[in-house]
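**Student:** Here is my input, please return the structure:
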Amino acid sequence: MEISKTSTENSNSSSSTQSETDNHSSVAPYVEGEKVLANHNQCLYEAKVRKVEHNRKAWLFHVHYLQGWKKSWDEWVGMDRLMKHTEENMRKKHALDEKHGNEKNAKVPRGSQAKSKTTYVSRGRKRRNESVTKAKPGVDPEKLVNIQIPTTLKKKLVDDCEFITHLGKLVKLPRTPNVNDILKNYFDYRLKKCGSMAGSVEEIMKGVCCYFDKALPVILLYNNERQQYQEACPANVSPSAIYGAEHLLRLFVKLPELLFYASIEEETLIELQAHFLDFLRFLQKNQSAFFLSTYHVAEDIENSTNKQGH
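**Tutor:** Residues are numbered from 1 along each chain as shown. Okay, here's the model as predicted:
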């Protein structure tokens, strides 16, 4: 990517600390090949910008985590997740590492704060379900199952983050179809395709539903969605009956580490991985029916705007 000399000089003269940047700027604040610091769950990780895109009037950056992370951990992030790789920001990184016990960035970049001992329902063996808790540091990414999310669904995740965190919008609840509906649709699809062989699929979908219900309030919500959750999901209501594809897709970002803590046999993990990939392709094929094209403005924001208008 070429940047004029003037633009480069302006960039060099800017503060090395993270600041609010004009999303409408015609010049990207980070360029392909640039080494940066990526923020995730209050920790900073060294990364390199691989691709730069401009989507919905905002800059998006595809980053690769350094220090040995596999390409499967690459992800799209917004400007709010990145900082310049400077001495001052490196000092901030080291301070955060010490605060969170995250020496040498040993934690997995994605979902590193979440752990599950919720065990999986597979091959007719039902195990005890326990609560989703915080993860221990030092998870080796090489030991995690690789769930490759299709590119178009990755874009959905980026747009999802943009709607919620930057534009202050929310998914209107309850969703139709909800998570239960989507999982049943997939089972029916597999039943029609494979007949009696779809028995294991039903058990796996039940396991996904169980994971979703337990994980949603702990690790699948943005902070500004929590009030909505409290109102939409009283104690006797399962999240899978209220939420839809938008939040279900977030689960698959977290699943590799959740499964790591479930102590599942390697042979079973390989089988689960194949089913998850097939399910994600099913989501991708039916994304126009499952995903919202736009989100709605939260009521408190809408009311505030209306008052200002009067």
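**Student:** Buried residues, stretch 180-194. List them.
**Tutor:** In terms of neighbour count (16 or more other Cβ atoms under 10 Å), stretch 180-194 has its buried residues at Asn180, Asp181, Ile182, Leu183, Tyr186, Phe187, Tyr189, Arg190. For the C-beta atoms, the positions are set from N, CA and C on the backbone; glycine is no exception.
**Student:** Low-confidence ranges, this protein, go.
**Tutor:** For the chain, the stretches with pLDDT under 70 are 1-26, 41-42, 56, 100-142, 196-199, 299-310.
**Student:** Domain-wise, how is the chain divided?
**Tutor:** Per the record's domain assignment (the TED database), the chain is made up of the domains 34-100, 145-301.
**Student:** how about the ones you listed, which one is nearest Val27?
**Tutor:** domain 34-100 (9.5 Å; Cβ to Cβ).
**Student:** The nearest residue to Phe260 once chain neighbours are set aside and Phe290, how far apart?
**Tutor:** Nearest-residue entry for Phe260: Leu144, 5.5 Å, with adjacent residues in sequence omitted and distances by Cβ to Cβ, 6 or more residues apart in numbering. To Phe290, Leu144 is 26 Å away according to Cβ to Cβ, to the nearest Å.
**Student:** How about Ile219?
**Tutor:** Separation of Ile219 from Phe290 (Cβ to Cβ) stands at 21 Å.
**Student:** quick one: Val36 is in a strand?
**Tutor:** Yes. Assessed with DSSP: H, G, I helix; E, B strand; the rest coil, Val36 lies in a strand.
**Student:** doesn't Met79 make contact with it?
**Tutor:** No. Contact criterion Cβ atoms under 8 Å: Val36 and Met79 do not qualify, at 10.6 Å.
**Student:** Between the two, which is the more surrounded one?
**Tutor:** Residue environment comparison for Val36 versus Met79 gives the larger neighbour count to Val36, 24 against 21, counting by other Cβ atoms under 10 Å.
**Student:** got a list of what that one touches?
**Tutor:** Contacts of Val36 were listed using Cβ atoms under 8 Å, 6 or more residues apart in numbering, and they are Tyr30, Glu46, Ala47, Lys48, Val49, Phe61, Val63, Leu82, Met83, Lys84, His85.
**Student:** how far away is it from Thr165?
**Tutor:** 19 Å.
**Student:** try Leu220
**Tutor:** Applying Cβ to Cβ, the value for Leu220 to Thr165 is 14 Å.
**Student:** Can you name the element that comes right after the helix or strand hosting Cys209?
**Tutor:** Element membership of Cys209, judged by DSSP states H and E, is helix 199-219. The element immediately downstream of helix 199-219 (helix or strand, assigned by DSSP H and E) is helix 226-232.
**Student:** Return the set of buried residues in that following helix.
**Tutor:** Buried-residue list, helix 226-232, by 16+ other Cβ under 10 Å: Gln228, Tyr229, Ala232.
**Student:** Pull out the buried residues from the helix holding Cys209.
**Tutor:** For helix 199-219, the buried set under the neighbour-count rule, 16+ other Cβ under 10 Å, comprises 200-202, 204-216, 218-219.
**Student:** Stretch 166-175 too?
**Tutor:** Lys169, Leu170, Val171, Leu173, Arg175.
**Student:** Could I get the CA-only coordinates of that stretch as PDB?
**Tutor:** Once non-C-alpha atoms are left out, stretch 166-175 reads as follows in PDB (Å, rounded to 0.1, in the frame of the first residue of the first chain):
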ATOM      1  CA  HIS A 166     -19.100   1.400  17.600                       C
ATOM      2  CA  LEU A 167     -22.600   2.200  16.500                       C
ATOM      3  CA  GLY A 168     -24.400   1.500  19.800                       C
ATOM      4  CA  LYS A 169     -26.900  -0.900  18.300                       C
ATOM      5  CA  LEU A 170     -28.200  -4.200  19.500                       C
ATOM      6  CA  VAL A 171     -29.700  -7.400  18.100                       C
ATOM      7  CA  LYS A 172     -33.500  -7.200  18.500                       C
ATOM      8  CA  LEU A 173     -34.700  -9.900  20.800                       C
ATOM      9  CA  PRO A 174     -36.200 -12.400  20.700                       C
ATOM     10  CA  ARG A 175     -34.700 -13.600  17.500                       C
END
